[in-house]
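In: generate coordinates for the sequence data below:
(one chain, ligands or ions: 1)
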Amino acid sequence: MNATPPFALGTGVTLGYGHQVALAASDFTIPAQGVTAIIGPNGSGKSTLLNALAGILPVMGGTLSVLGGPPGRRGVTSYVMQSPAFPTGTPITVGEAVAMGLYSDLGWFRRPRARDRARVQEAMERLDVTALAGRHLDELSGGQRQRVYVAQGITQRHQMLLLDEPLTGLDLVSMRTIDAIIHAERERGHGVVLTTHDLDEARAADWVLLTGGRVLAAGPPDEVLTREHVEKAYGLGALHPATTDLLDDPACPPHRPDSTPDMAHGNRPRGYGPRQPPQGMRRSPSRGLMLPWCGVFTLVR
Ligand SMILES: Nc1ncnc2c1ncn2[C@@H]1O[C@H](COP(=O)(O)OP(=O)(O)OP(=O)(O)O)[C@@H](O)[C@H]1O
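Out: Numbering: from 1, shown residues only. Model prediction:
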């Protein structure tokens, strides 16, 4: 058997802030390839888990290994955090923000070379923000900023892209643009771990973690997103009848072809590619420097 090591292996992982537990003792695996969706109610520990995977939040208990070592090692993860608010008067342009993704490689004082600048340029083109390069971040809409942050995320060297609610609040075009990046990362054999509130988005992933104060279930979407599990996470009767129909309907396969238009979800592509169990999975620290003025609260190592 091809035993590709997982991206993350958690045993009794407990996470929190101060003495307050946010994610109680949890066991889970996250594959190194494909798209993993973390879904759960507000305050259920999704972002907290991403923080720990990125190595910016130490575990309170249990063990969490990332690619066989401690979380937070340089070049392993690139983390695009949620940015609930943005400070005005931020003196940074789009081009500068994206180029900050190079700092993990270059450090603060080495000047970017031609190939580094090409990397930044390519990321800006892929996220369609080239025309915004000279604009200040605080002049952008929320969706434009989100594209800039993802451009910065893919500029930073990584094996796993961590995205906190990457599609929340985006229009169709921005959604498709970021969806395409997620597809492309997957095709390149990189992994993506994203958090979401969208059940369909979770169903389209290769692997799902369902949170509810701890990791309630982890595995392929059709094993995790069962009525029983979802009601456990969200509470009995919390589901809209249409949603429970979706969970129960065998004629509604988890994966739909990428090109299938979905009017109910703004025509954005569904499914991240052919569904296969991630390699090596069976069914069944250095801390970074946070740059809060960049809005993404970019983690530069
Ligand atoms: N910096 C912090 N300090 C103290 N408590 C925190 C902090 N960040 C999160 N928490 C708490 O940890 C718990 C889990 O929060 P977390 O942000 O991980 O939830 P979430 O599932 O990502 O929620 P949402 O869907 O609303 O983004 C919550 O009770 C929250 O109040």
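In: roughly how far does Ala123 sit from Leu15?
Out: In this structure, Ala123 lies at 31 Å from Leu15, with Cβ to Cβ, to the nearest Å as the measure. Just so you know, the C-beta spots here come from the backbone N, C-alpha and C atoms, and that holds for glycine as well.
In: revised request: answer the last question for Asp200.
Out: When distance is defined by Cβ to Cβ, Asp200 is 27 Å away from Leu15.
In: ok, these two, which is more surrounded?
Out: Counted by other Cβ atoms under 10 Å, Asp200 and Leu15 do not tie: Leu15 has more neighbours, with 24 against 19.
In: which residues does Val21 contact?
Out: Thr14, Leu15, Met60 (Cβ atoms under 8 Å, 6 or more residues apart in numbering).
In: where along the stretch 101-250 of the chain do the strands fall?
Out: Counting by DSSP state E, counting those that start in this stretch, residue ranges of the strands within the stretch 101-250 of the chain are 160-163, 191-196, 207-211, 215-219.
In: quick one: is the last one near the ligand?
Out: No. Using Cβ under 6 Å from any ligand atom, no contact is recorded between strand 215-219 and the ligand, whose separation bottoms out at 11.5 Å.
In: for stretch 158-167, list the C-alpha coordinates in PDB.
Out: Below are the C-alpha coordinates for stretch 158-167, written out as PDB (Å, rounded to 0.1, in the frame of the first residue of the first chain):
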ATOM      1  CA  HIS A 158       3.800  26.000   0.900                       C
ATOM      2  CA  GLN A 159       2.700  22.500   0.700                       C
ATOM      3  CA  MET A 160      -0.700  23.100   2.200                       C
ATOM      4  CA  LEU A 161      -2.800  26.200   1.700                       C
ATOM      5  CA  LEU A 162      -5.000  27.000   4.700                       C
ATOM      6  CA  LEU A 163      -8.000  29.200   3.800                       C
ATOM      7  CA  ASP A 164     -10.400  30.500   6.500                       C
ATOM      8  CA  GLU A 165     -13.800  30.900   4.800                       C
ATOM      9  CA  PRO A 166     -12.300  31.800   1.500                       C
ATOM     10  CA  LEU A 167     -15.600  32.200  -0.400                       C
END
